[in-house]
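Trainee: Could you look at this predicted model? Sequence included:
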There are 2 protein chains.
Amino acid sequence: MAAPRLPTAQKSGSAAKAPRSRIQKRNRQIILDAALEVFSTHGFRGATLDQIATQAGLSKPNVLYYFDSKDAIHRDLLTRLLDTWLDPLRMMNPAGDPQAEIMAYMRRKLELSRDFPRESRLFANEILQGAPRIESFIRDDLRPLVDDKAQLLNEWAKAGRIAPIDPYHLSISIWALTQHYADFAAQIAMIRGDGHDALEGAETFLGALYTRLLAP
Amino acid sequence: MAAPRLPTAQKSGSAAKAPRSRIQKRNRQIILDAALEVFSTHGFRGATLDQIATQAGLSKPNVLYYFDSKDAIHRDLLTRLLDTWLDPLRMMNPAGDPQAEIMAYMRRKLELSRDFPRESRLFANEILQGAPRIESFIRDDLRPLVDDKAQLLNEWAKAGRIAPIDPYHLSISIWALTQHYADFAAQIAMIRGDGHDALEGAETFLGALYTRLLAP
DNA sequence: ATCAAGTTTGACCATCCAGTCAAGAAGCTT
DNA sequence: AAGCTTCTTGACTGGATGGTCAAACTTGAT
């Protein structure tokens, strides 16, 4: 029940109301939590303010007292999410050991899937819809970062420190595999039996997979 | 523009209206095509009959002349999809060469992502929502098939013909990687530059990945 | 050409939904 | 306790949405 929470990521530029009182802080958090639950399973259009209000244990007008609109709640959630989503890739260290760095990146992404599955599904929903709200994030933030790390991977490959593989597909494969455990958790749970955790054995498997793939 | 179409998959049990006239056949197909487009990007609740009607170039009442309800259209699409979705796994041949069979399975899944990306996103949307409409399919059809093939993979591993890996995670990895190219196409396109096809180089990469993973 | 069956649609309805508002309840400060 | 601010909500509105219906239009067989 006690889901971990993303850091608040107070963006200086955005017009976020700073929570003044204790009640403000508490209720805004409750609403974001409820909204995350609803948006991540039904998508933006499929979610209703009534659902969010009910989930939050508040009345609908009360929800709109804390946020200007349904859209504002959604934007807030996305803003917090996106920053966190880049961290694992940012942390990849050019000076480190190539294989260890890539494995650590994979492991950090898997941790995000484990700890923030709802955020992962929120992101997935957004991309499925054609990424209309986060296009600028992908072009302006994610892409340059990926390009940068792709260059790094190419250098590592050229130096013979990892196998010569397409760095973009390598990144994509890590996103695909780690996200899948969160986004398709419902399917995995039904197939592996309800007693099992979807992520059981995932790290071992992915460890073996990338060890074999990266070996020069 | 000429998107390939799934086989009609006339389920004997379901209460599907058999198209009588040429017009019936044509318009039902147009509607399904339009609905696939809309449902796959917005999800069930996010899609509207007006959107579907506009996309189909028909009036809303006319759409409802061919299908009983929004739900009926959605059910019809899912039914056609699910049957096709199992085929690649069904085709895995116990008598064949293990590595070749698994590679062929991966390649067939990748072809589905290439040829039916909208169907892939429809499926993804369904799972994201917790798979409420296809739970019985997963439990009664997919799961037994996966269990069966998992046993086969275990036998192959025990015989030393492939590396000893968890067969469930192997299957999950193939689903994750192939689906991702369809479901996250928007993101991939933005990162790889709009000139590139999302699937460019995917087969080569996945070929290398599974060759290295499976080698005994 | 005629007629019955199949097809199409404008007008309509009930419900849902995001968002408003004014008035009341609860906190906070003195 | 008074008085001010913050919080909460019942009642409401305008527009969207799934679905209906009867009347009109096509189509095809004779």
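Mentor: Done, it's in.
Trainee: Chain A - how does it break down into domains?
Mentor: In terms of domains, chain A is parsed into A:22-67, A:78-214 (source: automatic domain parsing).
Trainee: what does stretch A:37-54 contact?
Mentor: Stretch A:37-54 is contacted by residues A:31, A:34-35, A:55, A:59-60, A:62-64, A:70, A:73-74, A:77, A:118-119, A:121-122, A:125, A:128-129, B:42-46, B:125, B:128-130 when judged by Cβ atoms under 8 Å, 6 or more residues apart in numbering or on different chains. Placement of C-beta: from N, CA and C, glycine included.
Trainee: pull the CA atoms of that stretch into PDB?
Mentor: In PDB, the C-alpha atoms belonging to stretch A:37-54 read as follows (Å, rounded to 0.1, in the frame of the first residue of the first chain):
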ATOM      1  CA  GLU A  37      -3.500   5.200 -10.200                       C
ATOM      2  CA  VAL A  38      -6.300   6.300 -12.500                       C
ATOM      3  CA  PHE A  39      -4.400   7.800 -15.300                       C
ATOM      4  CA  SER A  40      -1.900   5.000 -15.500                       C
ATOM      5  CA  THR A  41      -4.600   2.400 -16.000                       C
ATOM      6  CA  HIS A  42      -7.100   4.300 -18.100                       C
ATOM      7  CA  GLY A  43      -5.100   6.900 -19.900                       C
ATOM      8  CA  PHE A  44      -5.800  10.600 -19.900                       C
ATOM      9  CA  ARG A  45      -9.100  10.600 -21.800                       C
ATOM     10  CA  GLY A  46     -10.300   7.400 -20.100                       C
ATOM     11  CA  ALA A  47      -9.800   8.800 -16.700                       C
ATOM     12  CA  THR A  48     -12.500  10.900 -15.000                       C
ATOM     13  CA  LEU A  49     -12.300  13.500 -12.200                       C
ATOM     14  CA  ASP A  50     -14.900  11.600 -10.300                       C
ATOM     15  CA  GLN A  51     -12.700   8.500 -10.400                       C
ATOM     16  CA  ILE A  52      -9.800  10.400  -9.100                       C
ATOM     17  CA  ALA A  53     -11.800  12.200  -6.400                       C
ATOM     18  CA  THR A  54     -13.300   8.900  -5.200                       C
END
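Trainee: wait, which of the domains of chain A is closest to DNA strand C?
Mentor: domain A:22-67 (3.4 Å; Cβ to the nearest atom of the strand).
Trainee: does DNA strand C sit close to that closest one?
Mentor: Yes - with Cβ under 7 Å from any atom of the strand as the criterion, DNA strand C is reached by domain A:22-67 at A:22-23, A:47-50, A:60-61, A:64.
Trainee: what's the average pLDDT for that domain?
Mentor: Regarding domain A:22-67, the rounded mean pLDDT is 97.
Trainee: Okay, now that domain: how far is its last residue from its first?
Mentor: This stretch, domain A:22-67, spans 16 Å end to end (Cα to Cα, to the nearest Å).
Trainee: just stretch A:152-171 next, same as before
Mentor: OK, stretch A:152-171 end separation, Cα to Cα: 12 Å.
Trainee: Check whether it comes into contact with chain B.
Mentor: Yes - shown here: stretch A:152-171 in contact with chain B (Cβ under 8 Å from any Cβ of the partner chain) through A:163, A:165-166, A:168-170.
Trainee: Tabulate the domains of chain A (CSV), appending distance to B:A150 and mean neighbour count.
Mentor: Output for the domains of chain A, formatted as CSV (distance: least, Cβ to Cβ, whole Å; neighbours: other Cβ atoms under 10 Å in any protein chain shown):
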stretch, distance to B:A150, mean neighbour count
domain A:22-67, 29, 18
domain A:78-214, 10, 18
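Trainee: For the ones you listed, give me JSON lines that also has distance to B:L112.
Mentor: As requested, these are arranged in JSON lines below (distance: least, Cβ to Cβ, whole Å):
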{"stretch": "domain A:22-67", "distance to B:L112": "23"}
{"stretch": "domain A:78-214", "distance to B:L112": "15"}
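Trainee: Which of the residues of domain A:22-67 next to DNA strand C fall within strands?
Mentor: Among the residues of domain A:22-67 next to DNA strand C, none falls in strands (DSSP state E).
Trainee: In terms of distance to B:L145, which of these ranks first?
Mentor: Checking the residues of domain A:22-67 next to DNA strand C against B:L145 with Cβ to Cβ, the nearest one is A:A47 at 33.6 Å.
Trainee: picking that back up, need the max-distance pair from the residues of stretch A:152-171 next to chain B.
Mentor: Among the residues of stretch A:152-171 next to chain B, A:A163 and A:Y168 lie farthest apart (Cβ to Cβ), at 15.0 Å.
Trainee: quick one: A:M106 and A:I174 touch, right?
Mentor: Yes - taking contacts as Cβ atoms under 8 Å, A:M106 lies within contact range of A:I174: 5.2 Å.
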